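Asks: here is a sequence together with a model predicted from it:
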Amino acid sequence: MTKPPKGPVLIDLETEPHLDSTPDTAPPVPDLAVPTPSGQAMQTMAVLAARKPSSLAKWFWSLLGALISFMVSLAAYDFVIGLIARNPILGYAALGLTGLFVLVLLIIALRELAAFGRIRRLDHVQAAAIKAQADGDLNAAKAVIAQLQRLYAGREDTRWGREKLIETQGDVFEADALLQLAELHLLGPLDAAAMKEVEAAARQVATVTAIVPLAFADVVAALTSNVRMIRRIAEIYGGRSGALGSWRLTRTVLTHLVATGAVAVTDDLIGTLAGGGVLAKVSRRFGEGLVNGALTARVGVAALEVCRPLPFTSQTRPNIAGIVKRALTGLFGF
């Protein structure tokens, strides 16, 4: 048996190595495709909130609620009557507490009905203003101004605007000019307050999306923040709503956005966001947070258009990129 040779072994290569290869002549490393942030949390939230329940689901929940209410009422009645038979003092005390509970339920129901009435009043004022402006009817415009004066009567934040409007409206003889005057003096402070709510909601949604890694946490944050934002905007413009009114108003806004495709992320939206592409390459979570914040701002602008008693005419419609820049400046380092 032959022994293996000692010392180094020479292996012939088919090709000679390139001795002149240097780092500057090496081929570039391929750039892996980074998925573009799509704002999935906001899109999921909008679809869930705007989706109409089926007729069968409506019947199911209505009958289930009626059945549970009937069973609870019957059980409470039997409990109170049996307690009165056993111990009249305790029985009448339970009857009094039950009566107070029913009274509170009635007050809550009346407040919800009043909230729906306030929202409908804003819709009526807006529709009357649009019609008066389209027809050029000065008398109709004056009627809209009178409705606005009654709507904001007693509010300290609109006192200066109402007084200024009373002083100057007598010198205006055109419907467009009168409505623009009301928009400038009366709705200016309200627009500024509403914009702060939009910026705060956009900042909160972007922060939760970028920092919290839990599944569906960004969807829950987007839903709660947008519902709160829309409710606050309605309160600022005089349409203070209850729980059911807030949900109905949220569905109205999001249904409009879904129908028009405004919730979908477009190239122009991403392009207008400062640093959006850089954030997407550094961290996908930061990129998603940025886009979700921008979509929240878009929902806020739609809520302004729905809740505002006058359409945007003399005042410029809020710009999405400007809102995002003010809301997220310094949050993600830009």
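Replies: Now that the structure is in, tell me what you want to look at. Numbers count the residues shown, from 1 in each chain.
Asks: low-confidence stretches in the protein?
Replies: The chain contains residues with pLDDT under 70 at 1-54, 213, 215, 239-246, 254-285, 330-334.
Asks: residue 309 reaches residue 119, doesn't it?
Replies: No - assessed by C-beta atoms under 8 Å, residue 309 is found out of contact with residue 119, at 11.2 Å. (C-beta placed from N, C-alpha, C; glycine too.)
Asks: and these two? Which one has more around it.
Replies: Per other C-beta atoms under 10 Å, whichever of residue 309 and residue 119 has more neighbours is residue 309, with 26 against 22.
Asks: what's near enough to touch the nearest residue to the more buried one once chain neighbours are set aside?
Replies: Leaving out its chain neighbours, the residue that sits closest to residue 309 by C-beta to C-beta, 6 or more residues apart in numbering is residue 125, at 4.3 Å. By C-beta atoms under 8 Å, 6 or more residues apart in numbering, the contact set of residue 125 is 144, 147-148, 151, 309-310.
Asks: and those residues, which are buried?
Replies: The neighbour-count test (16 or more other C-beta atoms under 10 Å) marks 144, 147-148, 151, 309-310 as buried among the contacts of residue 125.
Asks: so where do the helices sit in the stretch 1-150 of the chain?
Replies: Along the stretch 1-150 of the chain, the segments classed as helices by DSSP state H, counting those that start in this stretch run 40-50, 55-86, 88-135, 138-151.
Asks: so which bits of the second one are buried?
Replies: Spelled out, it's helix 55-86. So for helix 55-86, counting by 16+ other C-beta under 10 Å, buried means 80, 83-84.
Asks: quick one: which of the residues you listed is nearest residue 225?
Replies: residue 80 (43.0 Å; C-beta to C-beta).
Asks: re the thing from before, with the buried residues of helix 55-86 in mind, which one is nearest to residue 211?
Replies: So of these, ranked by how close each gets to residue 211 (C-beta to C-beta), first place is residue 80, at 51.4 Å.
Asks: ok, now how distant is the closest one from residue 207?
Replies: Counting by C-beta to C-beta, to the nearest Å, the gap from residue 80 to residue 207 is 50 Å.
Asks: picking up where we left off before, could the contacts of residue 125 be laid out in JSON lines, adding distance to residue 76?
Replies: JSON lines is the format used below for the contacts of residue 125 (distance: C-beta to C-beta, whole Å):
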{"residue": "144", "distance to residue 76": "49"}
{"residue": "147", "distance to residue 76": "45"}
{"residue": "148", "distance to residue 76": "47"}
{"residue": "151", "distance to residue 76": "41"}
{"residue": "309", "distance to residue 76": "44"}
{"residue": "310", "distance to residue 76": "49"}
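Asks: which one of these sits closest to residue 98?
Replies: Among the contacts of residue 125, and counting by C-beta to C-beta, the member closest to residue 98 is residue 151, at 38.7 Å.
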